[in-house]
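Student: next come a sequence and a model predicted from it.
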Amino acid sequence: MERAERPTWGRYALAGFVALVVATNIAGVFWARLIESSPTALIALSSRNRYLALALGADLPLISYWIIGPARIIVAFLICHMIGRAYRTTALDWFTRYLGVDPSSLDAFQRGFDRASIIVVPFFVGSNLVAALSGVRLMSMVRLLPLLAVGIIARLALIQWLASVFDSQLTAFLEWLQRYSWWAVGASVVLVLAINWRNVRGGPAR
């Protein structure tokens, strides 16, 4: 019954998610090189906190930070939201499989989400599971988008502040990275392959 009700646009959301996963893996492998040559490309590929902070340490223009960073987060969140809206509980099974979340924990999280979505969405603005859950619970865009905006602004402002506080440490790390960037790429290849292998095997041990 659930399959017959799935909208046709759901497959496009899935294709978008696959593209995001590929982009994230590229960033995960080549971040040490991209942070030197094109920090803009790095945060377009992935908006992980560490990449955002390193990009600021590499003198990424603030206008790029505040345009590309939010855009990447919004795209990822909305794609996962649409997957949740289209595939409902099946989508939650996909996401929680890779996170190793047991059913009882997921049920408790869903109940908490319904009661405290006004806090959960902004606080976990980078969470694919929260994004999918917002779609499963059919949260309206009128309610979702303002919460998403608050979370993104708060997150990026905090990272910018921390990057300014630890500017000298970021600079020292980036100088070290210039000497050993290819070693970092090699280590990143191993790490990305290990994470993907774990995900394919069904997530971390419970």
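Tutor: Arrived safely, thanks for sending.
Student: quick one: contacts of the helix or strand hosting Phe109?
Tutor: Secondary structure from DSSP states H and E places Phe109 in helix 103-123. Contact partners of helix 103-123, identified using Cβ atoms under 8 Å, 6 or more residues apart in numbering, comprise 92, 96, 101, 130, 133-134, 136-137, 139, 143-144, 147-148, 150-151, 154. (Each C-beta comes from the backbone N, C-alpha and C, glycine too.)
Student: quick one: buried ones out of those residues?
Tutor: With burial judged by 16 or more other Cβ atoms under 10 Å, the buried subset of these is 92, 96, 101, 130, 133-134, 136, 139, 144, 147-148, 151.
Student: separation between the most centrally placed residue in the chain and Trp182?
Tutor: Note on the chain: the residue nearest the mean C-alpha position is Gly126, at 4.7 Å, using Cα atoms, centre = their mean. Distance from Gly126 to Trp182, counting by Cβ to Cβ, to the nearest Å: 29 Å.
Student: one more: Phe123?
Tutor: For Phe123, the distance to Trp182 - Cβ to Cβ - is 37 Å.
Student: which of the two has more neighbours?
Tutor: Between Phe123 and Trp182, counted using other Cβ atoms under 10 Å, Phe123 has the larger neighbour count: 16 against 10.
Student: packing partners of the lowest-mean-pLDDT helix or strand in the chain?
Tutor: One helix or strand of the chain scores below all others by mean pLDDT, DSSP states H and E: helix 89-99, with a mean of 78. With contacts taken as 3 or more Cβ pairs under 8 Å, 6 or more residues apart in numbering; DSSP states H and E, helix 89-99 sits against helix 62-87, helix 128-136.
Student: now do 7 Å
Tutor: helix 128-136 (3 or more Cβ pairs under 7 Å, 6 or more residues apart in numbering; DSSP states H and E).
Student: mind checking the longest helix of this protein?
Tutor: Counting by DSSP state H, the longest helix found in the chain is helix 167-200.
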